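A.B. asks: build the 3D model from these lines:
(chains A, B, C and D)
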Protein chains: 2
Amino acid sequence: MPRNVSAEELVKRYTMRLAVNVYRFTLEGQPPSLGAVTETSPKRATIAAVARRAGVSPSAVSHVFNGRPNVSAATAERIRQAADELNWRPNYASRKVSGGGGRSLGLVIARASDTFGRDPFFMRLIAGLTEPLADIGWSLSLTLVQADEEERVYRQWWGEQRVDAFLLVDVRTDDPRLALVEQLGAPAVLLGAPIDDGVPAVTVQDDTAFATVLGHLGELGHVSVARVADAPGLAHTRARDQRFSRAAAEQGINASFVAWDPTADDPVAELLGRLGAATAIVVDNESIAAEIVAHAPEVGVEVPEQLSVVAWEDSWVSTLVRPRLTALDAPVEESARTAVALLERLVRGEDAGSRTVSGRRLVVRDSTGPAPAPARSASAPKAARTSRTRSSQTHEEEGS
Amino acid sequence: MPRNVSAEELVKRYTMRLAVNVYRFTLEGQPPSLGAVTETSPKRATIAAVARRAGVSPSAVSHVFNGRPNVSAATAERIRQAADELNWRPNYASRKVSGGGGRSLGLVIARASDTFGRDPFFMRLIAGLTEPLADIGWSLSLTLVQADEEERVYRQWWGEQRVDAFLLVDVRTDDPRLALVEQLGAPAVLLGAPIDDGVPAVTVQDDTAFATVLGHLGELGHVSVARVADAPGLAHTRARDQRFSRAAAEQGINASFVAWDPTADDPVAELLGRLGAATAIVVDNESIAAEIVAHAPEVGVEVPEQLSVVAWEDSWVSTLVRPRLTALDAPVEESARTAVALLERLVRGEDAGSRTVSGRRLVVRDSTGPAPAPARSASAPKAARTSRTRSSQTHEEEGS
DNA sequence: GTGAAAGCGCTAACAC
DNA sequence: GTGTTAGCGCTTTCAC
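C.D. replies: A predicted model of the protein is given here:
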């Protein structure tokens, strides 16, 4: 309601109030004047108006719209029709204030605009969330925050009852949000590996992803592979490091780790300078992988002739750069759908355990190729690409 | 409130109710039992609890949290402190139901996941909206819908009072949403050229953008330039067509129009085949432009040696592809901020007129170069790029 | 199967 | 300045 109201608005409010008071004082059925005021006013119809039109009580209308069984089919039909005619929908706020379940999922992303914007994962996630949410009548409340504002926003949104559950993404090691949502009593689900029994997780089945990647690279003759992690603070980083080491050991591949340094003048050149013997890299972040393949030739490293690159995550961006990126595609939409399903259970007070969704698929494109012959150095000839536009092959990774 | 409640929950509710009833029956100040129940229960604190703790009435608390002046500074401080201690925030739903202003902006995007996901504009828009929204205590409710569900979602979100205003994007010619929001009485702002007095617009100052682009291309010797539009139904398409024609005429450049056909087997090849004499193109959509520069060489057209490409819209994607895209950068964040400011005025009942934000900047990168000599045909030598990594130059476009 | 009535937590008019 | 009170529109007992 506007703070500064017009004269008409004041008159209207006063009229409404009068009508209501008359109704109260007469203690009778329904004075026609109230009906008239309510139904012709620009204000939205109320449950009372619908009830009146259907010739029933407000509670009957409520029952129908909440799927409670105490109303006969015929009456229910009449009520629905009246609601339609008045174009009425239960007021979300009123419903909440009177104990009805809320229907809003909070997604608070602690990223700067640019790192948010250049991660296609978020577009897939947002798009993937909206459909299952819409199916159950929920909506998505989204915001970006700075790291030091994160807790405040969770507390505020929950405290104001603006949202009824949270989806936690970018989970960090010792992430304070887990304790926070438990303290608040807020239903929450996280995307990533399970951390805490209190907050169910939706995990992508990643166990064999590295084996698949290293198998692919091994076949191409690579014996030394490096893993490039983007953000060291994220919870998944260490787990992936370990899996990478193990899978490499099993396949007799020499594993190493290289950090991406976004503060360098030329992060790609700087990274390539630190690769050592590695002839292939697996990059945690798709846009970084894309930057590497795009920029490497400009600093003297041909992809895939001298270096093979695999992106962990896949999207249209991988098919945009040249050479196209070989990538590990995650079932983001499936994760989103699963998270929504869990959230719905939590909100209803049922308990929900963590879930695992299907594994990553290795999509082989053009950024991986035969390992360079050891003799050749950085001055290797820029061999013509075997087939620049060869179609993608897909290796389905077996689930576990 | 969960439908299926535990025994404990039932007991708790019953206890609360008892306490409340005792309070009502005694008709006295505040029975200690109620305070105890409310404050130690896991339920969130209420305004009454805060008032009690601060030794004032609920309305005093309300006044403080709504910036009304009727409370002394000392009392206000005491109230704030009590609220902090109880970790209380005004309940959003209650506030709305009792006439308080809402604080939620609806953004309904009628796009399929993939066309949404591959348009970096939306990431910039979302990121750009959240900050100004947070500044005024609003949040963003976002959803994707199919075209035939669009109207239903607007009606539903508004009818339920789930949102308090709408931001209209992807405005189409004769867009039914304009009449819809006016009929609903919903505050709304659109991004794009003004269409209707009822819905204020935030427009990017595009008047001279084509003159700037064509000036740049003219200097490079291009005499025939084509415009590639993505979605013919969008309202901005025709306006841009006209501006393009006019600017071309003024500069003695031969203008043509070519449609992008996403259904073709190879849309890029198909498009290039229809360019006629044009040696440069201006592409409405950044990801299409990126696809063109990435794929053109694979079908025998070198960029920029044989064809110059300019993208209308700019983001990190333009710097990812090779050659890097010369692009027209729009002030998306400024548009978002302006839209939020307008919306806030509308919601308060003040009127708000359309606004124009600063013009597009031409960012010259590597996808534009000298026009090919007319004699040379498709078999032109793949001349070495003059400077593959030359730094971007920026031409500020003068506003009007 | 139906309706009356008491709340939900807050705001705002008005009296003190 | 501060408190009282009557709503907001809905849900939910609990009588009928």
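
A.B. asks: show me the strands in chain A, by range?
C.D. replies: A:104-109, A:139-144, A:165-168, A:188-191, A:201-204, A:224-229, A:254-259, A:280-283, A:308-312, A:326-329, A:355-357, A:361-364, A:393-395 (DSSP state E).

A.B. asks: residue contacts, residue A:102?
C.D. replies: Contacts of residue A:102 were listed using C-beta atoms under 8 Å, 6 or more residues apart in numbering or on different chains, and they are A:96, A:161, A:163-164, A:347, B:93. Bear in mind the C-beta positions are built from the backbone N, C-alpha and C, glycine included.

A.B. asks: that older thread, which among the strands of chain A is found nearest to DNA strand C?
C.D. replies: Evaluated over those, closeness to DNA strand C peaks at strand A:104-109, with 16.5 Å, by C-beta to the nearest atom of the strand.

A.B. asks: roughly how far out does that closest one sit from the chain middle?
C.D. replies: Distance, stretch centre to chain centre, for strand A:104-109: 9 Å (C-alpha atoms, centre = their mean, to the nearest Å).

A.B. asks: repeat for stretch A:201-214
C.D. replies: Taking mean C-alpha positions (C-alpha atoms, centre = their mean), stretch A:201-214 and its chain are 19 Å apart.

A.B. asks: just the CA atoms of it, as CSV, please.
C.D. replies: Coordinates of each C-alpha in stretch A:201-214 appear next as CSV, following Å, rounded to 0.1, in the frame of the first residue of the first chain:
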residue,chain,number,x,y,z
ALA,A,201,22.7,-33.2,-0.3
VAL,A,202,22.1,-33.8,-4.0
THR,A,203,25.3,-35.3,-5.3
VAL,A,204,26.4,-35.9,-8.9
GLN,A,205,27.7,-39.5,-9.1
ASP,A,206,31.4,-38.5,-9.7
ASP,A,207,33.1,-41.6,-8.4
THR,A,208,34.2,-42.9,-11.8
ALA,A,209,34.5,-39.6,-13.7
PHE,A,210,38.2,-39.4,-13.4
ALA,A,211,38.7,-43.0,-14.3
THR,A,212,36.7,-42.3,-17.5
VAL,A,213,38.7,-39.1,-18.3
LEU,A,214,42.0,-40.7,-17.6
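
A.B. asks: what does that stretch contact?
C.D. replies: With contacts defined as C-beta under 8 Å, 6+ apart, stretch A:201-214 is touched by A:189-195, A:225, A:240, A:243-244, A:246-248, A:250-251, A:253, A:282, A:310, A:312, A:328, A:330-331, A:335, A:338-339, A:342, A:354-360, A:362, A:395, A:397-400.

A.B. asks: need the contact list for the nearest residue to residue A:296 once chain neighbours are set aside.
C.D. replies: In space, and not counting its chain neighbours, residue A:296 is closest to residue A:303: 5.2 Å by C-beta to C-beta, 6 or more residues apart in numbering or on different chains. By C-beta under 8 Å, 6+ apart, the residues touching residue A:303 are A:292-293, A:296-297, A:309, A:323, A:367.

A.B. asks: from the contacts of stretch A:201-214, list just the buried residues.
C.D. replies: The neighbour-count criterion (16 or more other C-beta atoms under 10 Å in any protein chain shown) marks A:189-193, A:195, A:225, A:240, A:243-244, A:247-248, A:251, A:253, A:282, A:310, A:312, A:328, A:330-331, A:335, A:338-339, A:342, A:354-357, A:359-360, A:362, A:397 among the contacts of stretch A:201-214 as buried.

A.B. asks: least confident secondary structure element in chain A?
C.D. replies: Using mean pLDDT, DSSP states H and E, helix A:32-40 stands out as the lowest-scoring helix or strand of chain A, at a mean of 30.

A.B. asks: the nearest residue to residue A:233 once chain neighbours are set aside: how many residues sit nearby?
C.D. replies: Nearest-residue entry for residue A:233: residue A:172, 4.8 Å, with adjacent residues in sequence omitted and distances by C-beta to C-beta, 6+ apart. Here the count is done by other C-beta atoms under 10 Å in any protein chain shown, and residue A:172 has 19 residues near it.

A.B. asks: surely residue A:172 and residue A:238 touch.
C.D. replies: No. Using C-beta atoms under 8 Å as the test, residue A:172 is too far from residue A:238 to be in contact (11.0 Å).

A.B. asks: hey, least reliable of the strands of chain A by pLDDT?
C.D. replies: Per-segment mean pLDDT for the strands of chain A reaches its minimum on strand A:393-395, at a mean of 56.

A.B. asks: which strand residues bridge the spatially closest residue to residue A:131 that is not a sequence neighbour?
C.D. replies: The shortest distance from residue A:131 to any residue other than its chain neighbours is 7.3 Å, reached at residue B:144 (C-beta to C-beta, 6+ apart). Counting by DSSP bridges, residue B:144 is bridged to residue B:109.

A.B. asks: which residues touch residue B:144?
C.D. replies: When contacts are counted by C-beta under 8 Å, 6+ apart, residue B:144 touches A:126-127, A:130-131, B:109-113, B:116.

A.B. asks: ok, of these, which come out buried?
C.D. replies: A:126-127, A:130-131, B:109-111, B:113, B:116.

A.B. asks: among these, which pair sits farthest apart?
C.D. replies: Using C-beta to C-beta, the two most remote members of the buried ones among the contacts of residue B:144 are A:126 and B:110, lying 14.8 Å apart.

A.B. asks: how about the residues of the stretch 51-200 of chain A near DNA strand C?
C.D. replies: Among all residues of the stretch 51-200 of chain A, those adjacent to DNA strand C (criterion: C-beta under 7 Å from any atom of the strand) are A:55-60, A:63, A:69-72, A:75, A:94, A:97-99.

A.B. asks: who wins on neighbours among the residues you listed?
C.D. replies: Across those, the neighbour count under other C-beta under 10 Å reaches its highest value at residue A:60, namely 22 neighbours.

A.B. asks: got a pLDDT number for it?
C.D. replies: What the model reports as pLDDT for residue A:60 is 91.

A.B. asks: from what I can see it touches residue A:75, true?
C.D. replies: Yes. At 6.5 Å, residue A:60 counts as touching residue A:75 under the criterion of C-beta under 8 Å.

A.B. asks: for the stretch 101-250 of chain A, what spans make up the helices?
C.D. replies: A:113-117, A:120-135, A:150-159, A:176-184, A:209-219, A:235-250 (DSSP state H, counting those that start in this stretch).

A.B. asks: do the third one and chain B meet?
C.D. replies: I take that to be helix A:150-159. Yes. Under the criterion of C-beta under 8 Å from any C-beta of the partner chain, chain B is reached by helix A:150-159 at A:153, A:155-157, A:159.
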